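# Got a sequence here, can you model it:
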Amino acid sequence: MMKLTKVRINKYKCFLQPQEVSIEKDITVLVGKNESGKTALLEAIAKSNYFEDNPNFVFDDTYDFPKNEWKRYQKSDDVVEVIRCTYSINEDLLKMIEADVGKGIFKTKEFSYGIKYADGNTFYGIEADEKKFIKNLVSEIDIPSDIKTELNKITTLKQLIEFADKKQETFHPILPKLNAIKANAFEWDNLLEGYIAKKYLKPNIPRYWYFDEYYQLPSRINLNHLKSGQVTNELSKEGLQTSKALFEMANIDIDELLRADNFESFISELEATSNMITDEIFEYWKTNQNLEIKFEIETKPSPPHQPEKILNIRIRNTKHRVSLPLKNRSRGFIWFFSFIVWFSKIQSDEDANFILLLDEPGLNLHASAQDDLLRFIEERLGKKYQLIYTTHSPFMIDSTYLERVRTVYDSPDAKTGSIISEVIQEKDPDTLFPLQAALGYDIAQNLFISKNNLLVEGVSDLIYLTTMSNYLQTQKRVGLKNNTTIVPVGGLDKVASFISLMRGNKLNMVCLLDSFRNQKGKQRLDDLVKAKIIKDKNIRFYHEFVNTPNKKADIEDMFEKEEYLKIFNAAYPEYDNITLSDLDSNIPNILQQINQIIGSDRFNHYRPAYKLMQMSEVESFFSEATLDRFESVFEEINKYF
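Residues are numbered from 1 along each chain as shown. Presented below is the predicted three-dimensional model:
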């Protein structure tokens, strides 16, 4: 199948200047805020070769040409090419062309197809060697000497066809080939290129399939209106198309259904279809697995006309044993259900080459459901189809594939209009916000790089514990297990929030914390224990390993006081060298003692930790008492992992 590799758009709605963007071979994501031009770009691509006859997907300069330039355009003789799509040709098609015209004749692996407002289209980049083709073709027949002289003057296929028509007896063996080319070629100067373009390239250009929230399936489908194509308040133009797709999917003839008095066989077909749809939806719809799709057909009297038949689509909750009309379910579920039905139109066409265009997919889905949809796009759609979708939701952006992202934003220059960029650059902070949010969310999710996580207050705890664990292990003593990740949560008051947010990730979590010095933070942690979000035994404090009179301790109290003072003095040369005798013995904890001396409520605890990490004489620095305390901590924590 061909792949779309590049799109050039110009003078289409908000695109006032030519914009060109490359397209990924699998999934491309257009990111931008509302009214940035994302939908316009998707529409223009769809109109270049829509998968079915649809007046909504045909270029019309009256509606599509930028309105602020429309009057000037009307008065001019300009011929504007609104879109140019570049495609790569797959190996199978190249082999077919080669088998037809000969090896080394067709030299193109990528071409472009442009469409003008004035119903014109142009192929670009097609190259076929007519002279070589002619030479190979005439070598298959015996040419009398009196004809060779004239034949040697022929340089184009058009000339050869005219000459062969006059000398049919000589060229009889190749006339069928020449006639086939003439009948199946665009009237180009290079007729062979016109033949290849018309017979092989044009029919194999991918067709585009577009879906947005307007293609939602209604809860009640009036079959009489469906047959006549009548648009009503209940059955929109797009809903009409999706409804027809449902009946095509169920293989039901609407005329036959309208004539029928007994609906059992039709209900059976619809139920079989609903089972298939249900299975497909709930493979990815994890939000609520207790739903099933039910179809009912009712007859509504309509004197003096033929009674109207109506298909009701209901969703039954098997857990609560109640059913509701489809319209009463969440908009996200309706979108997903309608998408599967509409998508069935092309799924059944195994040989067709489609490119899917999804405008704001899953806009009304919860963040976790958007994640399911992203998985559906990756696993089901992207594996088989080339796909382009628009979004401004961070949950619809896979931060591991940021190379797929193209940003679309409205230029501050009124003469430029919308701009497409392949480079993520801060031209518009609002455009970048979904990308920044997606990246931030991914960092947060991947902060846990192992199954077992030790939550600590800050980065200084991480450094102290890592340094001490490494040193103990070099001394053949007990350090922290290698399968454990130390996670700084950014403050003691954030521990409870952090545990609550991450509880659903099925991770093993143990806390090692400074003693609480305010009741509010302690109460929040106690509430988590009561709610069984974390076990009481999984919350450990440094004071359990340090003998302090007030039963409170920070990680700094794990060191002997003279050891920590040595680290602090090295980290803070701006203070006079603090000695053990300077400390107030009435204050039991080292941090409070230092705060009193320097006249501050708090100093940066990270600086001493960082200084310890830089110190080279660590092996001769720590006392046995300090090492024993840290070893006791690691022995205790290791029991949980």
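# what about G479, which SS state?
When the structure is reduced to helix, strand and coil (DSSP: H, G, I helix; E, B strand; the rest coil), G479 reads as coil.
# ok, it - contacts?
By CB atoms under 8 Å, 6 or more residues apart in numbering, the contact list for G479 reads M468, S469, N470, Y471, L472, Q473, E631, F634. Where C-beta positions appear, they are placed from N, C-alpha and C, glycine not excepted.
# The second one and D461: what is the separation?
Remark: distance between S469 and D461 (CB to CB, to the nearest Å) = 12 Å.
# for the fifth one, same thing?
Distance check for L472 against D461: by CB to CB, it reads 16 Å.
# So those two - more neighbours on which side?
A side-by-side neighbour count of L472 and D461, using other CB atoms under 10 Å, places D461 first with 25 against 18.
# Assumed the more buried one was part of a helix.
Yes: following the definition three-state DSSP, D461 is counted among the residues of a helix.
# Ranking helices and strands of this structure by mean pLDDT, which lands last?
helix 429-445 (a mean of 60; mean pLDDT, DSSP states H and E).
# Check the burial of the nearest residue to H605 once chain neighbours are set aside by counting its neighbours.
By the measure of CB to CB, 6 or more residues apart in numbering, the closest residue to H605 outside its immediate chain neighbours is S460, 4.5 Å from it. S460 is surrounded by 21 other residues when neighbours are defined as other CB under 10 Å.
# Ok, the one 5 residues further on next?
Number of residues near L465 (other CB under 10 Å) recorded here: 24.
# Next, work out how far apart it and I310 are.
The span separating L465 from I310 equals 68 Å under the rule CB to CB.
# Then K415?
From K415 over to I310 (counting by CB to CB), the distance is 53 Å.
# Compare the two and say which is more crowded by neighbours.
I310 (18 against 9).
# list the contacts for the more buried one?
Contact analysis of I310 by CB under 8 Å, 6+ apart lists R220, I221, N222, L223, I297, E298, T299, K300.
# Next up, phi/psi of the closest residue to the last one other than its chain neighbours, please.
Nearest residue to K300, sequence neighbours excluded (CB to CB, 6+ apart): E308, at 4.5 Å. Backbone torsions for E308, taken as degrees, to the nearest 10, come to phi -90, psi 140.
# E308 contacts N224, correct?
Yes: with contacts counted by CB atoms under 8 Å, E308 reaches N224, the gap being 5.0 Å.
# Between the two ends of stretch 471-491, how far is it?
Distances were taken as CA to CA, to the nearest Å; on that basis the terminal residues of stretch 471-491 are 26 Å apart.
# Find out how far that stretch is from the centre of the chain, if you would.
On the basis of CA atoms, centre = their mean, to the nearest Å, stretch 471-491 sits 37 Å off its chain's mean C-alpha point.
# In it, which residues are buried?
Of the residues in stretch 471-491, those buried under the neighbour-count criterion (16 or more other CB atoms under 10 Å) are Y471, L472, V478, G479, L480, K481, T484, T485, I486, V487, P488, V489.
# ok, so of those, who is nearest N136?
Each of the buried residues of stretch 471-491 was checked against N136 using CB to CB; the closest is T485, at 67.3 Å.
# List the beta-bridge partners for the closest one.
Partner residues in beta bridges with T485, using DSSP bridges, are N453.
# Return the distance of it relative to K300.
From T485 over to K300 the distance is 64 Å, taken as CB to CB.
# repeat for E127
For E127, the distance to K300 equals 63 Å [CB to CB].
# before we move on, what about T467?
Separation of T467 from K300 (CB to CB) stands at 79 Å.
# what about the two, which has more around it?
Taking T467 and K300 together and counting by other CB under 10 Å, T467 has the greater number of neighbours (17 against 11).
# Who are the packing partners of the strand or helix carrying the more buried one?
Assignment of secondary structure by DSSP states H and E places T467 within helix 459-474. Using 3 or more CB pairs under 8 Å, 6 or more residues apart in numbering; DSSP states H and E as the contact definition, the elements that helix 459-474 packs against are strand 452-456, strand 484-488, helix 606-614, helix 624-638.
# Columns distance to E292 and mean pLDDT on top of those, output as JSON lines?
Below are these laid out as JSON lines (distance: least, CB to CB, whole Å; pLDDT from 0 to 100):
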{"stretch": "strand 452-456", "distance to E292": "39", "mean pLDDT": "89"}
{"stretch": "strand 484-488", "distance to E292": "42", "mean pLDDT": "88"}
{"stretch": "helix 606-614", "distance to E292": "56", "mean pLDDT": "88"}
{"stretch": "helix 624-638", "distance to E292": "48", "mean pLDDT": "95"}
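# and among the ones you listed, the most buried is which?
Comparing the helices and strands packed on helix 459-474 on average neighbours per residue, with mean count of other CB atoms under 10 Å, the densest one is strand 452-456 at a mean of 22.
# quick check: domain ranges of the protein?
The record's domain parsing of the chain by automatic domain parsing lists 1-79+353-446, 216-346, 452-638.
# what residues are up against A197?
With contact taken as CB under 8 Å, 6+ apart, A197 is in contact with F111, F123, I126, A185, F186, W188.
# try 6 Å this time
Counting by CB atoms under 6 Å, 6 or more residues apart in numbering, A197 makes contact with F123, I126, F186.
# And for N10?
For N10, the residues meeting the contact criterion (CB under 6 Å, 6+ apart) are P18.
# Please report how far it lies from V82.
Taken as CB to CB, the spacing of N10 relative to V82 amounts to 6 Å.
# Out of the contacts of G479, the closest to L160 would be?
For those, the nearest to L160 is N470 (81.7 Å; CB to CB).
# Check the burial of that closest one by counting its neighbours.
For N470, the neighbour count with other CB under 10 Å is 12.
# now it, nearest residue through space, not along the chain?
Nearest non-adjacent residue to N470 (CB to CB, 6+ apart): G479, at 6.6 Å.
# pLDDT score for the one you found?
At G479 the predicted local confidence, pLDDT, stands at 95.
# Tell me the spacing between it and V633.
Following CB to CB, the distance that separates G479 from V633 is 10 Å.
# Ok, N470 next?
When CB to CB is the yardstick, N470 and V633 sit 14 Å from each other.
# Same check on D26?
Taking CB to CB as the criterion, D26 is separated from V633 by 49 Å.
# and S268, what element?
helix 264-282.
# What is the distance between that helix and the centre of its chain?
Its chain's C-alpha centre lies 29 Å from the corresponding centre of helix 264-282 when counted by CA atoms, centre = their mean.
# Okay, buried residues for that helix please.
Applying a neighbour-count criterion of 16+ other CB under 10 Å, one finds F266, I267, E269, L270, E271, T273, S274, I277, T278, E280, I281, F282 buried in helix 264-282.
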